[in-house]
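Novice: mind looking at a prediction? Sequence and model below.
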Amino acid sequence: MENGHSYPIDRFDALLRDLVTWGLVRRKDTENGPSWQLVDAAERRLEELLRPGPPLVAEVVIYLDHRCVDCRRRVPTHLHGDAYLCDACWALRSEAAVELPPPEAHPSRRRRSRFPREQPTG
């Protein structure tokens with residue numbers, strides 16, 4: 001590999017399958033035999049990702065190798081907090097989180113003062 005590290009090629013089987021499954025590579029027959037090339041959209045995205053700039057926000061990065069934690073489907077996901085969610089499940093979570101009233105403290109868990117309340121004099 002060009003980066004100086006040597007890894008067994010079978011370590012990348014899942015990634016290579018994902019590239020084919022998601023249509024991010026195409027096979028070309030050449031005089032020297034078959035070869036593979038990234039589709040134009042994937043090449044453009046690689047250029048964007050490798051362009052110097054601010055670090056990527058996790059919600060912008062699309063993950064192809066994780067299942068959505070809510071629906072368990074194998075679809076493109078984003079990392080929201082510590083959960084990989086597809087767009088549909090993230091929308092459902094976002095709708096559910098809108099305008100919820102704050103939870104009331106359970107009476108048995110209220111803090112008690114060390115000082116007794118003053119009794120009203122009357």
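Specialist: Sure, I can see it.
Novice: got the domain ranges for the protein?
Specialist: 1-52, 54-97 (automatic domain parsing).
Novice: the closest residue to Val60 other than its chain neighbours pairs with what?
Specialist: Spatial nearest neighbour of Val60, chain neighbours left out: His78 (7.6 Å); criterion: Cβ to Cβ, 6 or more residues apart in numbering. Any C-beta I mention is one placed from the backbone N, CA and C, and that applies to glycine too. In this entry, His78 is beta-bridged to Leu85, by DSSP bridges.
Novice: so His78 is in contact with His66, correct?
Specialist: No. Contact criterion Cβ atoms under 8 Å: His78 and His66 do not qualify, at 9.5 Å.
Novice: shared neighbours, the two?
Specialist: Tyr84 (Cβ atoms under 8 Å, 6 or more residues apart in numbering).
Novice: compare the two (neighbour count), which wins?
Specialist: His78 (19 against 16; other Cβ atoms under 10 Å).
Novice: how close does that one get to Lys28?
Specialist: 32 Å (Cβ to Cβ, to the nearest Å).
Novice: strands of the protein, start to end?
Specialist: Remark: strands assigned in the chain by DSSP state E are 25-30, 33-38, 78-80, 83-85.
Novice: go through those and pick out the most buried.
Specialist: Stretch with highest mean neighbour count among the strands of the chain: strand 83-85 (a mean of 19; mean count of other Cβ atoms under 10 Å).
Novice: you'd agree Asp87 is up against His80?
Specialist: No. Under the criterion of Cβ under 8 Å, Asp87 is not in contact with His80, lying 10.5 Å apart.
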